[in-house]
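Colleague: Quick check, what structure comes out for this input:
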Amino acid sequence: MVDADKKTMVPSEESRVFFSRRSRLKWWEGLPWALAIAAFFVLPDYMAFGTQVLITIIFALSLDLVVGFAGVVTLGHAAYFGVGAYTAGMVSAHLGWTEPISALLLAGFVAAIVGFISGAVLLRYHGLTLLMLTLATAICLQEFANVNEDFTGGFDGLTGVSFTPLLGLFEYDLWGHTYYWYSLVVLFLVFVVARIIVNSPFGMSLIGIRENSARMHAIGTPVYRRLVTVYGVSAGIAGLAGGLFAESNAYVTLDVLSFARSGTVLIILILGGVGRLYGAFAGAVVYLVLEDELAKMSPEFWEFGVGLLLVLTVMFARGGLLGIFDRLRKVFSRATP
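Modeller: Predicted coordinates for the structure are as follows:
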């Protein structure tokens, strides 16, 4: 209700109950984290690959905030992944800043600033115009990185990237064990933040904007400010993913800003389920594992197999892989007395 004297919104008891129930943990939400921990002990020789999966999940989560919840479709989200990667890489290679956690936070901060600034411009447009502008932004940043090779390494990539042991205690190894746990902790923290956002009144307003922005504007919601805010937050999370990528691989190339990276993470999100958070988990694991296995079997035609899976998902699995899970869960619930 509205306080007539102060003109401020006072949350009702019903709204507090609603958001409390919405943010309540489900019984199955611990499963992905249990599997991630179990993977370390069951597949210890694949932790370098596992680290890349975790980084991709973080990147996909950042995209889900703008695409899945705010309804802002973008083909250039790799711009912020790349900004984070180059930030972490350049402070190490050129400034000798080798403390990994602070470098990662700086990567996320710089990417967020770029996201807020670019979002303030891009989000004044809609539809196909916005789609093309997001793509153009990533292309421009990629070309900027290419021509400034003294700082970025250009086409040959940025080398000389190295970091001190994590917290001064945990050395990095060839199997990627340290970076796996490092990435898992970062993923958990990012997920907690994302979950709080989407289950808050702010997150509900984003869903309202996605469904009908004109109506949300009519009831007084600052639509443009909300979109710019979530776009900047999303860019910061993508920057964290890029920073982790640079730290774990010890090099940065122009590929971090490529259209292929933007397109791939969008495919991963569609595959897993848009607007579900955990869709980023399912999509990243299935896509990357399938890509790896198909590439081993047929290096020439693995993309056909991945593309076929995506087509089948869009045609027959509405809501992605998590949509299938939801339907199975409902069927099981009805069958259980």
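
Colleague: now residue 53: how far from residue 282?
Modeller: The gap separating residue 53 from residue 282 is 11 Å, by C-beta to C-beta, to the nearest Å. No exception for glycine: its C-beta is placed from N, CA and C like everyone else's.

Colleague: mind listing what residue 240 touches?
Modeller: Counting by C-beta atoms under 8 Å, 6 or more residues apart in numbering, residue 240 touches 58, 84, 104, 107-108, 111, 186, 190.

Colleague: And for residue 285?
Modeller: 53, 57.

Colleague: quick one: what helix or strand has it in it?
Modeller: In this assignment (DSSP states H and E), residue 285 forms part of helix 278-297.

Colleague: need the strands for this structure, in chain order.
Modeller: Ranges of strands within the chain are 2-3, 8-9, based on DSSP state E.

Colleague: rewinding a little: of the contacts of residue 240, which is the nearest to residue 297?
Modeller: Distance to residue 297 across these (C-beta to C-beta) is lowest for residue 58, with 28.4 Å.

Colleague: The closest one and residue 237 touch, don't they?
Modeller: Yes. At 6.5 Å, residue 58 counts as touching residue 237 under the criterion of C-beta atoms under 8 Å.

Colleague: Which neighbours do the two have in common?
Modeller: Taking C-beta under 8 Å, 6+ apart as the criterion, residue 58 and residue 237 both touch residue 190.

Colleague: ok, the two, which is more surrounded?
Modeller: residue 237 (30 against 27; other C-beta atoms under 10 Å).

Colleague: got a list of what residue 94 touches?
Modeller: residue 151.

Colleague: Got phi/psi on it?
Modeller: phi -110, psi -30 (degrees, to the nearest 10).

Colleague: Would you map the helices across the stretch 101-250 of the chain?
Modeller: Ranges of helices within the stretch 101-250 of the chain are 127-147, 149-152, 177-198, 201-218, 223-249, based on DSSP state H, counting those that start in this stretch.

Colleague: just for this protein, where's the confidence low?
Modeller: For the chain, residues meeting the criterion pLDDT under 70 lie at 1-23, 174, 329-337.

Colleague: again, 80 this time
Modeller: Per-residue confidence for the chain (pLDDT under 80) gives these ranges: 1-29, 168-176, 295-296, 298-307, 309-310, 312-320, 322-337.

Colleague: What distance do you get for the residue lying closest to residue 154 once chain neighbours are set aside to residue 111?
Modeller: Spatial nearest neighbour of residue 154, excluding adjacent residues (C-beta to C-beta, 6 or more residues apart in numbering): residue 146 at 5.5 Å. Distance of residue 146 to residue 111, computed by C-beta to C-beta: 19 Å.

Colleague: Check the contacts of residue 240 and tell me the two furthest apart.
Modeller: With C-beta to C-beta as the measure, no two of the contacts of residue 240 lie farther apart than 111 and 186, at 13.9 Å.

Colleague: In terms of neighbours, single out the busier of those two.
Modeller: Neighbour count, other C-beta under 10 Å: between residue 111 and residue 186, residue 111 has more, with 32 against 21.

Colleague: list the contacts for the more buried one?
Modeller: Neighbouring residues of residue 111 by C-beta under 8 Å, 6+ apart: 80-81, 83-84, 87, 235-236, 238-240, 242.

Colleague: and which of those is nearest residue 26?
Modeller: The closest of the contacts of residue 111, once distances to residue 26 are taken by C-beta to C-beta, is residue 240, at 25.4 Å.

Colleague: Turn the helices of the stretch 101-250 of the chain into a markdown table, columns for distance to residue 266.
Modeller: What follows is the helices of the stretch 101-250 of the chain, written out as a markdown table (distance: least, C-beta to C-beta, whole Å):
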| stretch | distance to residue 266 |
| --- | --- |
| helix 127-147 | 11 |
| helix 149-152 | 25 |
| helix 177-198 | 17 |
| helix 201-218 | 16 |
| helix 223-249 | 12 |
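
Colleague: Select, out of these, the one closest to residue 158.
Modeller: When those are compared (using C-beta to C-beta), the closest one is helix 149-152, at 5.7 Å.

Colleague: Could you list the residues in contact with that closest one?
Modeller: The contact list for helix 149-152, computed with C-beta under 8 Å, 6+ apart, reads 86, 90, 94, 145-146, 155-156, 158, 252.

Colleague: Please check those residues and keep the buried ones.
Modeller: 86, 90, 145, 158, 252 (16 or more other C-beta atoms under 10 Å).

Colleague: For residue 241, give me its contacts.
Modeller: Counting by C-beta under 8 Å, 6+ apart, residue 241 has contacts 55-56, 58-59, 62, 81, 84.

Colleague: wait, residue 41
Modeller: Contacts of residue 41 (C-beta under 8 Å, 6+ apart): none.

Colleague: What's the separation between it and residue 56?
Modeller: For residue 41 relative to residue 56 (C-beta to C-beta), the value is 22 Å.

Colleague: Over to residue 164?
Modeller: Distance from residue 164 to residue 56, by C-beta to C-beta: 25 Å.

Colleague: Give me the more crowded residue out of these two.
Modeller: Per other C-beta under 10 Å, whichever of residue 164 and residue 56 has more neighbours is residue 56, with 24 against 14.
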